[in-house]
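J.: take this sequence and fold it.
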Amino acid sequence: MTAARIGIGGPVGSGKTALIEALIPVLRRRGVNLAVITNDLVTIEDAERLRRSGLIEPERVGAVEAGACPHTVIREDPTLNILAGDRMEAAIPGLDLIIYESGGDNLASTFSLDLVDWWMFVIDVAGGDDIPRKGGPGVLRCDLLVVNKTDLAPHVGVDLERMLEEARAAREGRPVLATIARQGAGIEALAEAISRAVLFVEDRAG
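T.: Modelled structure (predicted):
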């Protein structure tokens, strides 16, 4: 049985890596055998950050250097990422889940369904409360929209409730989740969403 593969995309600085760091211990408490593959232009900085974090064994973290805009290897030609996932599964038997983190990209960034089974898009309130109104394929087509850094709303002049309402309206009721990754807020709900949608397991919290 092959591992489920999910994607995490979003603009630079939206908190994708912090979200993964918060997710890893929660998913592992739920018994999920997981690995992570990061993507970036010409660096493996995010992978090295995860390897040093102590949250996950270094051999469970892979890296892909896109050599071009990050969306090229998660959407146009995901071959490098598919191969990286295949190598990870060969090296670590019994994987349940591989998390692909895209390099920071714009609102048009999406994942190829040849690469992932399910994907989320991360925005943050500091990026502006007009992001949901602007739409874009990343915001509108993802399986789950994550609005991160909600604690910053009062400091950047954002009406959080209105932003969340506009996000739900733009997505026509498809899921929207508010998080504060660095404080762990919303992470259990995110892990539950992944468990239900991708791993087909409910109430796996430990």
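J.: now do the contacts for residue 75.
T.: The contact partners of residue 75, taken as Cβ atoms under 8 Å, 6 or more residues apart in numbering, are 109, 110, 111, 112. Backbone N, C-alpha and C define where each C-beta goes, glycine included.
J.: return the subset of those residues lying in strands.
T.: For the contacts of residue 75, not one is inside strands, with DSSP state E as the criterion.
J.: which of those has the largest number of neighbours?
T.: Going through the contacts of residue 75 with other Cβ atoms under 10 Å as the criterion, the one with the most neighbours is residue 111, at 28 neighbours.
J.: ok, that one touching residue 119?
T.: Yes. Because the distance of 4.3 Å satisfies Cβ atoms under 8 Å, residue 111 is recorded as touching residue 119.
J.: what touches both of those two?
T.: Common neighbours of residue 111 and residue 119, using Cβ under 8 Å, 6+ apart, are 7, 9.
J.: quick revisit: a markdown table for the contacts of residue 75, including distance to residue 15?
T.: As requested, the contacts of residue 75 are exported to a markdown table (distance: Cβ to Cβ, whole Å):
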| residue | distance to residue 15 |
| --- | --- |
| 109 | 15 |
| 110 | 19 |
| 111 | 18 |
| 112 | 23 |
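J.: residue 154: which of those is nearest?
T.: Within the set of the contacts of residue 75, residue 109 lies nearest residue 154; the separation is 28.5 Å, counting by Cβ to Cβ.
J.: you'd agree the closest one is up against residue 71?
T.: Yes. Applying Cβ under 8 Å, one finds residue 109 in contact with residue 71, separated by 4.6 Å.
J.: mind checking what secondary structure residue 49 has?
T.: For residue 49, the assignment made with DSSP: H, G, I helix; E, B strand; the rest coil gives helix.
J.: name the nearest residue to it, ignoring sequence neighbours.
T.: Nearest residue to residue 49 in three dimensions, chain neighbours excluded: residue 17, at 6.3 Å (Cβ to Cβ, 6 or more residues apart in numbering).
J.: please apply the same query to residue 76.
T.: Sequence neighbours aside, residue 112 is the residue nearest to residue 76 in space, at 7.7 Å (criterion: Cβ to Cβ, 6+ apart).
J.: residues contacting the one you found?
T.: Contacts of residue 112 were listed using Cβ under 8 Å, 6+ apart, and they are 74, 75, 76, 78.
J.: OK, contacts around the last one?
T.: Residue 78 makes contact with 111, 112, 114, 115, according to Cβ under 8 Å, 6+ apart.
J.: tabulate these (JSON lines), appending pLDDT and distance to residue 197.
T.: What follows is the contacts of residue 78, written out as JSON lines (pLDDT from 0 to 100; distance: Cβ to Cβ, whole Å):
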{"residue": "111", "pLDDT": "97", "distance to residue 197": "14"}
{"residue": "112", "pLDDT": "97", "distance to residue 197": "18"}
{"residue": "114", "pLDDT": "97", "distance to residue 197": "18"}
{"residue": "115", "pLDDT": "98", "distance to residue 197": "16"}
